[in-house]
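> This is a predicted model, with the sequence first.
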Amino acid sequence: MIKWIKIFASCFVLFILIYEANFYINFRTNSYLAVYGGPLNHYKEDFLLLLNDKKTGDKLNVNIPTPFSKGVNLSLGKNTVKLISTDSKISFEKEIYFYGIFSFNIIEVSSDEIFFRRYFSVPVLE
């Protein structure tokens, strides 16, 4: 019985390694970060996306469906993601912990709030 448990555990670990390697090969990164925009013309100002206090690109217009969507390299442990408006009135900060498992991290901007969601498999688009 112990022999079969070891075989099953080994197959499971091998499957996870192949799954992780597939995402790393496809994206050339260890995680994926996206910002999904809110309603059209709701926010007058642009936003900045900061990952560990470093800009990830230019200003984001969150009035369009997907202003930012790409793979990022997170360092092991705690990472900080910030979405800040250019006039600094609206701010969102979330700590992401990375332990080596490829994850899809999505920030959704609605008319009322800003949400954070995390998936460890390909997220279902609604």
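That came in fine, so what should we check first?
> before we move on, what SS does the residue most central in space within the chain have?
Nearest to the mean C-alpha position of the chain, by CA atoms, centre = their mean, lies residue 105 at 2.1 Å. Of the three states, residue 105 takes strand under DSSP: H, G, I helix; E, B strand; the rest coil.
> number of nearby residues for the closest residue to it other than its chain neighbours?
Computed as CB to CB, 6 or more residues apart in numbering, the closest residue to residue 105 that is not its neighbour in sequence is residue 33, at 5.0 Å. Just so you know, the C-beta spots here come from the backbone N, C-alpha and C atoms, and that holds for glycine as well. Neighbour count for residue 33, taken as other CB atoms under 10 Å: 22.
> Equivalent analysis for residue 71, please.
Counted with other CB under 10 Å, residues neighbouring residue 71 total 17.
> Does anything pack onto the helix or strand hosting residue 16? Which helices or strands?
With elements taken from DSSP states H and E, the one containing residue 16 is helix 2-27. On a contact count with 3 or more CB pairs under 8 Å, 6 or more residues apart in numbering; DSSP states H and E, helix 2-27 meets no helix or strand.
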